[in-house]
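Student: A predicted structure for the sequence below; I have some questions about it.
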Amino acid sequence: MIFRQLFDQQSSTYTYLLADSATREAILIDPVFEQVRRDTALIEELGLHLLYTIDTHVHADHVTGAWLLKRHTGSQIAISAASGAQGADRYLNHGEQCVFGSRHLEVRATPGHTNGCISLALDDGSMMFTGDCLLIRGTGRTDFQHGDAHAMFRSVQNQIFIQPDTCLLYPAHDYRGLTVTSVGEERRFNPRLGGELCEDDFVGYVTNLRLPHPKQIDIAVPANLKCGVATNDPTQTAEPEWAPLAYTFAGIWEISPQWLEDNLRSVQIVDVREPDEFNGPLGRIPAAQLISLGDLAARASELKKERPIVAVCRAGGRSAQATVILRQAGFNDVANLAGGMLRWRAEGRVVENAAM
């Protein structure tokens, strides 16, 4: 069997590719909209035929890539019948199988994080994909989208912990860089429900987490209830060739800080912050040109259309709007710096005029 674990840095989401090595039939679990280009390239390079994308639940922190992958590859969209999502090709119920070649995943209903959560167990008991139900030394939250702490505890005990101790568990997210755990580990060491902890202990723990709502929830949940259908269809837009860009659900092409740092002199960097920010403690990217967002439309003629442009701001919001303005002004090769100067500084990248 072919197996790959893929990661989206922005949402800390794991996407899993499984394929039968003989038939080349494949399944992709929890795809991310912005990573469809990456996933499609990998599927093509490995010579695979993608049968299904499966979302373990209606995500609140990112938009699924299911619809876009269907446009690219012809794959079918699968999600829990209890999810409430519209537009899927297959609605999954507890006990059903998702077959790829000679292998299959068994669907296990594991509500609690949401009422439509599922986990997927590989046919030989060697691995299981637990979505946002059981995480590595943690669990999903239960305070929105019909979450239920009692249901989550029972889901883990009755659907996941029944697997062999050696069964490897792969969650939909991890925020610390951990990649895999096992049933035996989580039985012993999970601080929320391992050891001798009972259902009341677990409920008391997760109902007092006091976590902020996911930043993308107002965008992600409505989009995922439609299986990721986008208003702006990137399959009808030519793929940029000047850099490896990611297309966001909002219709913005984004570039990674790593690529930009490696290619500073090959692009025009337009910083759309205000002058006091440009000269402020966050510093600025070398060779960046200051044109505040409010002045950009009037000053667009100062930029060269034959060279790609990367727009930059503090956190990526104003610069996203800057890419729209520049495209309206006739610039084709334009991208937003994902995360802006905050991410640039957090990753320790080169700056000028910065406070130490």
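Tutor: Cool, the structure landed.
Student: Whichever helix in the chain runs longest: what's the following helix or strand?
Tutor: Within the chain, and with DSSP state H defining each element, the longest helix by residue count is helix 317-328. Next along the chain after helix 317-328, taking DSSP states H and E as the criterion, comes strand 334-337.
Student: What strands line up against that following strand, and which way round?
Tutor: Strand 334-337 pairs in its sheet with strand 253-255 (parallel), strand 309-312 (parallel), by DSSP bridges.
Student: Can you flag the weakest of the ones you listed by average pLDDT?
Tutor: The minimum mean pLDDT among these belongs to strand 253-255 (a mean of 93).
Student: and it, how far out from the chain's middle?
Tutor: 15 Å (Cα atoms, centre = their mean, to the nearest Å).
Student: Where do the strands of the stretch 1-150 of the chain begin and end?
Tutor: Secondary structure of the stretch 1-150 of the chain (DSSP state E, counting those that start in this stretch): strands at 2-8, 13-19, 25-29, 49-55, 76-80, 90-92, 97-100, 103-109, 118-122, 127-131, 134-135, 138-139.
Student: between those strands, which one is nearest to Asp200?
Tutor: Ranking those by proximity to Asp200 (Cβ to Cβ) places strand 138-139 first, at 15.1 Å. From N, CA and C alone the C-beta is placed, and that goes for glycine too.
Student: which strands and helices sit next to that closest one?
Tutor: Judged by 3 or more Cβ pairs under 8 Å, 6 or more residues apart in numbering; DSSP states H and E, strand 138-139 is in contact with no other helix or strand.
Student: average pLDDT across it?
Tutor: For strand 138-139, the mean per-residue pLDDT is 96.
Student: That one pairs with which strands, and in what direction?
Tutor: Going by DSSP bridges, the partners of strand 138-139 are strand 134-135 (antiparallel).
Student: quick one: the helices in the stretch 51-200 of the chain?
Tutor: For the stretch 51-200 of the chain, the helices defined by DSSP state H, counting those that start in this stretch cover 66-73, 149-155, 183-189, 199-206.
Student: Could you look over those helices and pick the most buried one?
Tutor: Per residue and on average, the most neighbours among these fall to helix 66-73, with a mean of 23 (mean count of other Cβ atoms under 10 Å).
Student: what's in contact with it?
Tutor: Residues outside helix 66-73 that contact it (Cβ atoms under 8 Å, 6 or more residues apart in numbering) are 28, 31, 33, 36, 39-40, 43, 50, 53, 55, 75-77, 79, 87-89, 226-230, 233-235.
Student: Now list the buried members of those.
Tutor: Among those, those buried by neighbour count (16 or more other Cβ atoms under 10 Å) are 28, 31, 33, 36, 39-40, 43, 50, 53, 55, 75-77, 79, 88, 226-230, 234.
Student: so Pro214 touches Thr13, yeah?
Tutor: No. Counting by Cβ atoms under 8 Å, Pro214 does not reach Thr13; the two are 11.4 Å apart.
Student: I am finished for the moment; much appreciated.
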